[in-house]
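**Q** fold the stuff below for me.
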Amino acid sequence: MRNELFVISKSPARVAPVSDPLDKQSLLSAFDLGPAWARDDAPAKKYENHKGDTRDDKRGGGRSGGGRGSFERRDDRGGQRGGGAPRGGGGPRGGAPRGRDDRQQRDGGRELPAPAHGVKVIHVAGTNGKGSTCAIMDSVARAGGNRTALFTSPHLIDYRERIKVSGNEISEEECAALLTEIRELCERLDPHPTFFEITLAVAMRWFREQEVELIVLETGMGGRLDATTAVPADVCAITPIGLDHVQWLGDTLEKIAFEKAGIFVEGKPGISSPQAPEARRVLEREANERRTPLTFVAQPIGGYTIGLPGAHQRWNAALALECLHAAGFRLDYETVQYGLSSVRWPGRFEVVSEGGQTMVFDGAHNAEGAVVLAEAWRERFGEKKCSLVFSAVATKDVKGIVASLEPLAEKVHLCAVDTPRALSTSELAAAFSAVEISGS
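**A** Next up, the predicted model:
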């Protein structure tokens, strides 16, 4: 059986972040989405939803009403281990978060009432593993009976993949209606919102109409100036930081870590995956300045089956569970086990067998991601070689990616992706040195 490894470097439809962080609030305000919603520390009150009916302070559902939960772990022998202690507690609450004064702005003096059911928001930044970590949070929270919203990017096939509630994409009809509505607003806005900002506004509007209990937000790029920071977060997560988008975020880990740390909120927990020493120092410094209680995941999760392959997903799962824990979601062993085992995230070491062939699809798009991909390959297939189908865009560290992937391949097939930024097959071939290469 021949194994094929498809690696197509992601080409997100994004532009450079805005220079004025106040700009990112304008679209949410214009689209009737003020920054006061989704706060758990807002005064209890009744509110009118989009249909005009009135809701009480509490809703039924699977989430516990008080404090932080705990989850019990079992080791590989089936025995139980002690439950994890909450991380990142303490710190002041309320007040204008440092660096996020834009969230306190109001459009024409109007202020939205905070949803009475206390929507929680977990905000995720980082270089690698953001999407997987968000998907794990969403899956485990749904396993606990919670109504969840998931905002991620980029999409693989369908634009609507970016916007999900309880695991289901926004419908074509709802998406078209909201985009039509926002199109009229955009015609009056100067500067015109970016593609990403429009998508975020559509998502937040739909999430509010769906009356979700948890929103998991993945940043588009960076963090400090990302549009998602217009949404107040209850927990901020940082996945592994590496060198990517260097033309916008900086060419060192320190500069990129500074941008990622821009999602921190005063008094709200920050939880990070293990980081390189230079990135960790920056995160600790920025957390201290923002009075954000920051903790780092100490070990990967054990004793559970995870639906996503690769040892790195156990680290992502540990981060996801710590974040849910800090947000106050009650987690028991059965909930965590079902949520982890049922999580799916296409394009991340996705193994597909068809016609007697095994194919692996992965979107690794930087040197660190390629290292993890190579590790996952060897964990699954040992020293078996693959036919590598590869493409990338001009902004990527192709040589850094190829350094980890070329040793896996006995043959490489190069193809240019359909984007103006794509590298030609001859340009891609220059990064390889010791394997048979073909192109199209």
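**Q** so which residues of the stretch 301-440 of the chain form strands?
**A** Here the stretch 301-440 of the chain has its strands, by DSSP state E, counting those that start in this stretch, at 350-354, 357-362, 386-391, 409-414, 436-439.
**Q** hang on, A311 packs against I301?
**A** No: taking contacts as C-beta atoms under 8 Å, A311 lies outside contact range of I301: 10.9 Å. To be clear about C-beta, it is placed using only N, CA and C from the backbone, and glycine gets the same treatment.
**Q** for the stretch 301-440 of the chain, what spans make up the helices?
**A** Here the stretch 301-440 of the chain has its helices, by DSSP state H, counting those that start in this stretch, at 312-326, 333-342, 367-381, 398-405, 425-429.
**Q** remind me which residues of this protein are low pLDDT?
**A** Residues of the chain that meet the criterion pLDDT under 70 lie in 1-117, 434-435, 439-440.
**Q** OK, contacts around Y159?
**A** Residues near Y159 by C-beta atoms under 8 Å, 6 or more residues apart in numbering: C175, T199.
**Q** now N146: how far from E284?
**A** Using C-beta to C-beta, to the nearest Å, we find N146 at a distance of 31 Å from E284.
**Q** domain-wise, how is this structure divided?
**A** With domains defined by automatic domain parsing, the chain comprises 3-12+349-439, 31-342.
**Q** quick one on the thing from earlier: more neighbours: which of A311 and I301?
**A** I301 (23 against 12; other C-beta atoms under 10 Å).
**Q** ok, back up a step: what's the most buried one of the helices of the stretch 301-440 of the chain?
**A** Among the helices of the stretch 301-440 of the chain, helix 312-326 has the highest mean neighbour count (mean count of other C-beta atoms under 10 Å), at a mean of 26.
**Q** show me what that helix is packed up against.
**A** Other helices and strands packing on helix 312-326, by 3 or more C-beta pairs under 8 Å, 6 or more residues apart in numbering; DSSP states H and E, are strand 120-125, helix 130-143, strand 235-238, strand 270-272, helix 367-381.
**Q** out of those, which is closest to H155?
**A** Checking the helices and strands packed on helix 312-326 against H155 by C-beta to C-beta gives helix 130-143 as the closest, at 10.7 Å.
**Q** taking their axis directions, that closest one and helix 333-342 sit at what angle?
**A** Computed by axes from the mean of the first three to the mean of the last three C-alpha atoms, to 10 degrees, the angle separating helix 130-143 from helix 333-342 equals 140 degrees.
**Q** figure out how far helix 130-143 is from the centre of its chain.
**A** 9 Å (C-alpha atoms, centre = their mean, to the nearest Å).
**Q** from the contact counts, what lies against that helix?
**A** Applying 3+ C-beta pairs under 8 Å, 6+ apart, one finds that helix 130-143 contacts strand 120-125, strand 148-151, strand 214-218, helix 312-326, helix 333-342.
**Q** would you mind writing the CA trace of the second one as PDB?
**A** Output in PDB follows, covering the C-alpha atoms of strand 148-151 (Å, rounded to 0.1, in the frame of the first residue of the first chain):
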ATOM      1  CA  THR A 148     -21.300  26.300  22.000                       C
ATOM      2  CA  ALA A 149     -20.200  28.700  19.300                       C
ATOM      3  CA  LEU A 150     -17.000  28.200  17.400                       C
ATOM      4  CA  PHE A 151     -15.200  30.900  15.300                       C
END
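**Q** in that strand, which residues are buried?
**A** Within strand 148-151, the residues that qualify as buried are T148, A149, L150, F151, counting by 16 or more other C-beta atoms under 10 Å.
**Q** neighbouring strands for that strand, and are they parallel or not?
**A** strand 163-165 (antiparallel), strand 214-218 (parallel) (DSSP bridges).
**Q** now render the helices and strands packed on helix 312-326 as CSV, adding distance to E254.
**A** Output for those, formatted as CSV (distance: least, C-beta to C-beta, whole Å):
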stretch, distance to E254
strand 120-125, 15
helix 130-143, 20
strand 235-238, 14
strand 270-272, 15
helix 367-381, 16
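**Q** and these: which comes nearest A227?
**A** When the helices and strands packed on helix 312-326 are compared by C-beta to C-beta, strand 120-125 sits nearest A227, at 11.7 Å.
**Q** name the residues that touch that closest one?
**A** With C-beta under 8 Å, 6+ apart, strand 120-125 has contacts from 38, 40, 130, 133-134, 137, 213-219, 222-223, 226, 228-229, 231-239, 260, 262-263, 323-324, 327-329.
**Q** the closest residue in space to G242 that isn't next to it in sequence: what's it in contact with?
**A** Leaving aside its chain neighbours, G242 sits nearest to E368 (3.5 Å; criterion: C-beta to C-beta, 6 or more residues apart in numbering). In this structure, E368 makes contact with T127, N128, P240, G242, L243, D244, judged by C-beta under 8 Å, 6+ apart.
**Q** one step back: among N146 and E284, which residue is more densely surrounded?
**A** More crowded of N146 and E284, by other C-beta under 10 Å: N146, with 21 against 18.
**Q** P346 versus V121, what's the distance?
**A** Counting by C-beta to C-beta, the gap between V121 and P346 amounts to 25 Å.
**Q** more neighbours: those two, which one.
**A** Between V121 and P346, V121 has the larger neighbour count (other C-beta under 10 Å), namely 24 against 13.
**Q** what bridges to that one?
**A** Following DSSP bridges, V121 is listed with bridge partners I215.
**Q** how close does it sit to Q357?
**A** Counting by C-beta to C-beta, the gap from V121 to Q357 is 42 Å.
**Q** quick one, what contacts N128?
**A** T239, P240, G242, D244, N366, E368, G369, V372.
**Q** please report phi then psi for the fifth one.
**A** Right, N366. Main-chain torsions, N366, degrees, to the nearest 10: phi -150, psi 170.
**Q** quickly find the element holding the closest residue to it other than its chain neighbours.
**A** Nearest residue to N366, sequence neighbours excluded (C-beta to C-beta, 6+ apart): D244, at 4.2 Å. Here D244 sits in a region with no helix or strand, counting by DSSP states H and E.
**Q** residues in contact with D244?
**A** When contacts are counted by C-beta under 8 Å, 6+ apart, D244 is found next to T127, N128, I256, H365, N366, E368, D397.
**Q** apply 10 Å and report the result again.
**A** 10, 126-128, 221, 256, 365-369, 395-397 (C-beta atoms under 10 Å, 6 or more residues apart in numbering).
**Q** and which of these is nearest to V351?
**A** G369 (17.2 Å).
**Q** sorry, back to before: output the strands paired with strand 148-151 in a markdown table, with distance to S426 and mean neighbour count appended to each entry.
**A** Below are these laid out as a markdown table (distance: least, C-beta to C-beta, whole Å; neighbours: other C-beta atoms under 10 Å):
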| stretch | distance to S426 | mean neighbour count |
| --- | --- | --- |
| strand 163-165 | 39 | 22 |
| strand 214-218 | 35 | 26 |
